[in-house]
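Peer 1: what follows is a predicted protein model with its sequence.
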Amino acid sequence: EGIPYRFVVSGTNIDEQEKASQHLTSYMTRYNLINQALVEAPWDMTVIDGDPFHAENVFWWSPQFRDSLGFQDERDFPNIMSSWTDQLHPDDLEATMNLMTTHLLDYSGQTPFEMAYRLRLKSGEYRWFHASGKTLRGEGGIPLRIAGTIRDITMEKNKEQNIIETTARMEELSASINELVNGISTITVHAQQ
């Protein structure tokens, strides 16, 4: 008739699970804060069968990576290789891909992946980035996973270019002054004669 006459309770100790959950939450909070503070923008690729260009390689472009290029999320910058390669400057594409391939296929792990290249922002503007990566290797040095970062170095490159241009102008000015001094010397010699 629905009248309770016995009540049974079962208890499970979830203390360890709760501690693990709190630890994971703390770790994720720390990770998210560090990622937000990073100047570098991380990325990651899982390499299938040691093949850098395997169609099933799994990519992860961090929010910072997308943000560095002016993209918002996976809808406008999907987790696929072409999201990145399509943004590489045409003059930098071949060298960048060659270095990445050489790095991944050097089973000794002696070839570093570190370089500067230009990437197109969502706005269409190209900016310089410093890229570096490290590879986790399996048996025989076969690449399993590569992770790295990019950092916008456009201002540094512009300063470098300004220094080069200023130095060239100074050399031109110095050459002009030398010509002027030589001309004055010639005039002085003629005047004395």
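Peer 2: In hand now; what should we look at?

Peer 1: give the buried residues for stretch 72-88.
Peer 2: Neighbour counts over stretch 72-88 (16 or more other CB atoms under 10 Å) mark 77, 81, 83-84, 87-88 as buried. Where C-beta positions appear, they are placed from N, C-alpha and C, glycine not excepted.

Peer 1: for whichever strand or helix holds Lys157, name the packing helices and strands.
Peer 2: Using DSSP states H and E, Lys157 sits in helix 154-192. Judged by 3 or more CB pairs under 8 Å, 6 or more residues apart in numbering; DSSP states H and E, helix 154-192 is in contact with strand 126-137.

Peer 1: can you give me the helices for this structure?
Peer 2: 15-37, 63-68, 81-85, 90-105, 154-192 (DSSP state H).

Peer 1: gap between the first one and the chain center?
Peer 2: What that stands for is helix 15-37. On the basis of CA atoms, centre = their mean, to the nearest Å, the separation between the geometric centre of helix 15-37 and that of its chain is 25 Å.

Peer 1: how about residues contacting it?
Peer 2: For helix 15-37, the external contacting residues (CB atoms under 8 Å, 6 or more residues apart in numbering) are 42, 62-64.

Peer 1: give me the mean pLDDT for that helix.
Peer 2: For helix 15-37, mean pLDDT rounds to 77.

Peer 1: the fourth one too?
Peer 2: Averaged over helix 90-105, pLDDT sits at 96.

Peer 1: okay, buried residues for that helix please.
Peer 2: Buried residues in helix 90-105 (16+ other CB under 10 Å): 92, 96, 99-100, 103-104.

Peer 1: returning to that earlier point: in JSON lines: the helices of the chain, plus distance to Lys134.
Peer 2: Below are these laid out as JSON lines (distance: least, CB to CB, whole Å):
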{"stretch": "helix 15-37", "distance to Lys134": "17"}
{"stretch": "helix 63-68", "distance to Lys134": "16"}
{"stretch": "helix 81-85", "distance to Lys134": "17"}
{"stretch": "helix 90-105", "distance to Lys134": "10"}
{"stretch": "helix 154-192", "distance to Lys134": "22"}
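
Peer 1: which stretch among those helices comes nearest Gly140?
Peer 2: The closest of the helices of the chain to Gly140 is helix 90-105. By CB to CB, the value is 11.9 Å.
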